[in-house]
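In: When you get a sec, could you give me coordinates for this:
(one chain, ligands or ions: 2)
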Amino acid sequence: MGETVRIIEMGPRDGLQNERTPVGVTARIAFIEALVASGLHTVEVGAFVSPKAIPQMVGSDEVLRGVGSIAGSEFHVLVPNLKGYEAARAAGAKVVSVFAAASEGFSRANINCSVAESIERFKPVVARARADGIRVRGYVSCVLGCPHDGEVKPQAVVDVAKSLWDLGCYEISLGDTIGVGTPGQARELLRAVAGSVPMRSLAMHFHDTYGQALANLYAGLEEGARVIDSAAGGLGGCPFAPGATGNVATEDVVYMLEGLGVSTGVDMAKLVAATNAISHQLGRAPVSRVANALNAKGNRSETSKRD
Ligand code: HMG
Ligand code: MG
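Out: Ligands and ions are numbered 1, 2, ... in the order given. Model (predicted):
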């Protein structure tokens, strides 16, 4: 696996969208700047969605404008429809992400329409974005299970992923929204979807509810997938997927990749510092095992310095 793996940092969007404590624009910008300074150059920074649906993402236009000038970085934002797209473009978005689901129950709960309607809704968004020179990423949620409909067949994921790919999305991110999948299923899914979308254009977006995300990522890496969505500190989850926890923690992903000989370019100390700062804002400890291990080690050596 001695090749590059791209990490798309999700903390400021997928992470903060499900935190009970709202984080203001200034603190979100500081979090993103700290993540970029740690070496994470692709960051999903906000969502242009209904403020009634996700109040935590209000101010995403100010966040995007605030970080827009950081050189060498790529910032992504979610857009559910043309209204969101126009607002994102006006705030300077260069990459937007549309989001569909592989299950009808989640599609309805999350974006208030059927899967087929969502694809129709994305058509003008992608067309407009292409005309404006803005790249579009596509998500498929509930790829390994749905909180409303239960089991999700790989073919349902293949169909939606192919629709988004055919529309013109440059990459398809496969979301295990409720973090229920296990490595054999992740492997089977990636093989199935890679029949319609090139493996190199698939991203693995695994939430860690059942503690399987790293194992699932490893299975995906063995299959040839090379893009990972993760959130600093393991922040967050989806408000429309009750009980689901955050994305796999970026620290844990970086630790695993570096151990496998895959260079990430991420400065772990700076990443943990960024996680600690946002966790302090949220008033809770990070979920990341690696961040907690390094924090404990740091505290021990501080104590021994004082002794
Ligand atoms: P709707 O109620 O069907 O929309 O919501 P509508 O078109 O009927 O409009 C209703 C109101 O929303 C109107 O305002 C619109 O102007 C407004 P009102 O007249 O009542 O004052 N509105 C908007 N406002 C701001 N920005 C917009 C926008 N569009 C309409 N873009 C809608 C449909 C899609 C808008 C809504 O359901 C929504 O915003 N959903 C987003 C839910 C969301 O953000 N979920 C979390 C992200 S997805 C996720 O986490 C999964 C992922 O991480 C992958 C994985 O883990 O699987 C990506
Ligand atoms: Mg997610």
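
In: hey, let's count contacts and neighbours off CA atoms from now on
Out: Fine.

In: what does this protein have sitting close to ligand 1?
Out: 14, 48-51, 53-54, 80-81, 83-84, 99, 110-112, 139, 141-142, 175-177, 238 (C-alpha under 6 Å from any ligand atom).

In: Now, of those residues, which are buried?
Out: 14, 48-49, 54, 80-81, 84, 99, 110-111, 139, 141-142, 175-177, 238 (16 or more other C-alpha atoms under 10 Å).

In: What about the residues you listed, which are in helices?
Out: Of these, the ones assigned to helices by DSSP state H are 84, 110-111.

In: In TSV: those residues, plus pLDDT.
Out: TSV is the format used below for these (pLDDT from 0 to 100):
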residue	pLDDT
84	98
110	97
111	98
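
In: got the residue ranges for the strands in the stretch 151-300 of the chain?
Out: 171-176, 202-206, 227-230 (DSSP state E, counting those that start in this stretch).

In: Let's have these in a markdown table, adding mean pLDDT.
Out: A markdown table is the format used below for those (pLDDT from 0 to 100):
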| stretch | mean pLDDT |
| --- | --- |
| strand 171-176 | 98 |
| strand 202-206 | 98 |
| strand 227-230 | 98 |
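
In: Out of those strands, which is closest to residue 34?
Out: With C-alpha to C-alpha as the criterion, residue 34 lies closest to strand 227-230 of the strands of the stretch 151-300 of the chain, at 15.6 Å.

In: so how far is that closest one off the chain centroid?
Out: Centroid separation for strand 227-230 versus its chain: 7 Å, with C-alpha atoms, centre = their mean, to the nearest Å.

In: What pairs with that strand, parallel or antiparallel?
Out: strand 6-9 (parallel), strand 202-206 (parallel) (DSSP bridges).

In: Extract the residue ranges of the stretch 1-150 of the chain that are flagged as low pLDDT.
Out: Low-confidence segments of the stretch 1-150 of the chain (pLDDT under 70): 1-2.

In: the strands in it, which residues?
Out: 6-9, 42-47, 74-78, 95-101, 135-141.

In: So for residue 116, which of the ones you listed sits nearest?
Out: strand 95-101 (9.2 Å).

In: So residue 142 versus residue 241, what's the distance?
Out: 9 Å (C-alpha to C-alpha, to the nearest Å).

In: Could you name every residue contacting both of those two?
Out: Residues touching both residue 142 and residue 241 by C-alpha atoms under 8 Å, 6 or more residues apart in numbering: 106, 177-178.

In: and which of those residues is nearest ligand 1?
Out: When the shared contacts of residue 142 and residue 241 are compared for distance to ligand 1 (C-alpha to the nearest ligand atom), residue 177 wins out at 3.8 Å.

In: The closest one touches residue 141, doesn't it?
Out: Yes: if you go by C-alpha atoms under 8 Å, residue 177 and residue 141 touch, sitting 5.8 Å apart.

In: so what's the nearest residue in space to residue 60 that is not next to it in sequence up against?
Out: Closest residue to residue 60 apart from its sequence neighbours, by C-alpha to C-alpha, 6 or more residues apart in numbering: residue 46 at 5.0 Å. Residue 46 makes contact with 12-13, 57, 60, 63-64, 76-78, according to C-alpha under 8 Å, 6+ apart.

In: Quick one: neighbours of residue 149, just the number.
Out: Per other C-alpha atoms under 10 Å, the neighbour tally for residue 149 reads 12.

In: Then residue 260?
Out: 11.

In: Per-residue pLDDT of it, please?
Out: Note on residue 260: pLDDT of 96.

In: next one: residue 239
Out: The predicted local confidence for residue 239 is 67.

In: Then the one 3 residues further on?
Out: pLDDT for residue 242: 76.

In: From ligand 1, how far out is it?
Out: Computed as C-alpha to the nearest ligand atom, to the nearest Å, the residue 242 to ligand 1 distance reads 12 Å.

In: Grab the nearest non-local neighbour of that residue.
Out: Here the residue nearest residue 242, using C-alpha to C-alpha, 6+ apart, is residue 147, at 7.3 Å.
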